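# below are the sequence and a predicted model; questions follow.
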There are 2 protein chains.
Amino acid sequence: MEKIPGRPVRGSKTGRPIMVLLDILGQRWTLRILWELNAGRLNFRALRSHCDDVSPTLLNKRLKELRDLSLVSLEDEGFGLTVRGEELVREFAHLDHWANKWAKDLNIAE
Amino acid sequence: MEKIPGRPVRGSKTGRPIMVLLDILGQRWTLRILWELNAGRLNFRALRSHCDDVSPTLLNKRLKELRDLSLVSLEDEGFGLTVRGEELVREFAHLDHWANKWAKDLNIAE
DNA sequence: AGTAATGCTACATTTTGTGTAGCGTCAAGG
DNA sequence: CCTTGACGCTACACAAAATGTAGCATTACT
């Protein structure tokens, strides 16, 4: 079934946009794909290798979803984020920095 | 296998913290759990019902991971975010607002 | 015609998630 | 004491999702 805000989603009968979003981002590789595309456009095979050779089956599935949701587009230069996609990634753009700090703290704490 | 920054993860041989993080957040219910706990402490059963009755098997699994990573803690008042967990959620705290705008735009565009 | 690159599909296997029932522990009430 | 109820959590059979490998169809260039 297609995932669209307003439509109920696995894990939420309401279809509240935030729940749809969390459901989508909580699928394997979705976050990673957005992350990799944020660094620049890539064609299918290049994106695949950037994503540690995720299976093409799944990559294609995710790209379809992301394109349906207007977060990713495919143009001559390859796959890339739409304006909306860029906006979304910007919302958690500090994750990289945070993750490094977190990792450092964890190593100390354990 | 345990998920810890520095350790290779499904989808990344390097173990770069950001990759570990994206891998964890990209598991079903992880983002949602953090989101629900961000609104306040909850006990196991309450959290479960907030998460649309996710299976206890999985909820327990996720909570274990999140506790290992010092993002969630269990105290007398129930499960809740640690200081680090709160920090993390803050990194994408604007998602709710963004998701509403996104949903509105999508409905117009389709 | 031959070669190479593109996005993408098929399919058998493995991994992950689901749903229901219920266990073991503990604290309060009768 | 002995139920009763709430707690975190586990067992297990079933279903869904992800993986990995091979390769197809199309386009463009030689």
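That came in fine, so what should we check first?

# per-residue pLDDT, A:Glu87?
On pLDDT, A:Glu87 comes in at 96.

# for A:Glu110, same thing?
Predicted confidence (pLDDT) for A:Glu110: 68.

# quick check: which ranges of chain A have low pLDDT?
A:1-2, A:6-14, A:110 (pLDDT under 70).

# where along it do the strands fall?
Ranges of strands in chain A, per DSSP state E, are A:72-75, A:78-81.

# let me have the ones you listed in CSV, adding mean neighbour count as columns.
Every residue, glycine included, has its C-beta placed from N, CA and C. Shown next, in CSV, are the strands of chain A (neighbours: other CB atoms under 10 Å in any protein chain shown):
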stretch, mean neighbour count
strand A:72-75, 15
strand A:78-81, 19
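
# turn those into CSV, including distance to DNA strand D.
CSV is the format used below for the strands of chain A (distance: least, CB to the nearest atom of the strand, whole Å):
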stretch, distance to DNA strand D
strand A:72-75, 14
strand A:78-81, 15
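
# wait, which of those is closest to DNA strand C?
Smallest distance to DNA strand C across the strands of chain A (CB to the nearest atom of the strand): 5.0 Å, for strand A:78-81.

# how about the strands of chain A in TSV, adding distance to B:Asn100?
What follows is these, written out as TSV (distance: least, CB to CB, whole Å):
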stretch	distance to B:Asn100
strand A:72-75	20
strand A:78-81	20
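
# B:Gly15 is nearest to which of those?
strand A:78-81 (25.8 Å; CB to CB).

# check which helices and strands the closest one sits against.
Judged by 3 or more CB pairs under 8 Å, 6 or more residues apart in numbering or on different chains; DSSP states H and E, strand A:78-81 is in contact with helix A:30-38, helix A:44-50, strand A:72-75.

# need the ones you listed in CSV (columns: distance to B:Lys64).
Output for those, formatted as CSV (distance: least, CB to CB, whole Å):
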stretch, distance to B:Lys64
helix A:30-38, 21
helix A:44-50, 31
strand A:72-75, 33
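
# among these, which is the most enclosed?
Sort the helices and strands packed on strand A:78-81 by mean neighbour count, taking mean count of other CB atoms under 10 Å in any protein chain shown, and helix A:30-38 sits at the top with a mean of 22.

# the residue in chain A that DNA strand D sits nearest to: how many residues sit nearby?
Minimum separation of chain A from DNA strand D (CB to the nearest atom of the strand) falls at A:Ser55, amounting to 3.0 Å. Neighbours of A:Ser55 under the rule other CB atoms under 10 Å in any protein chain shown: 11.
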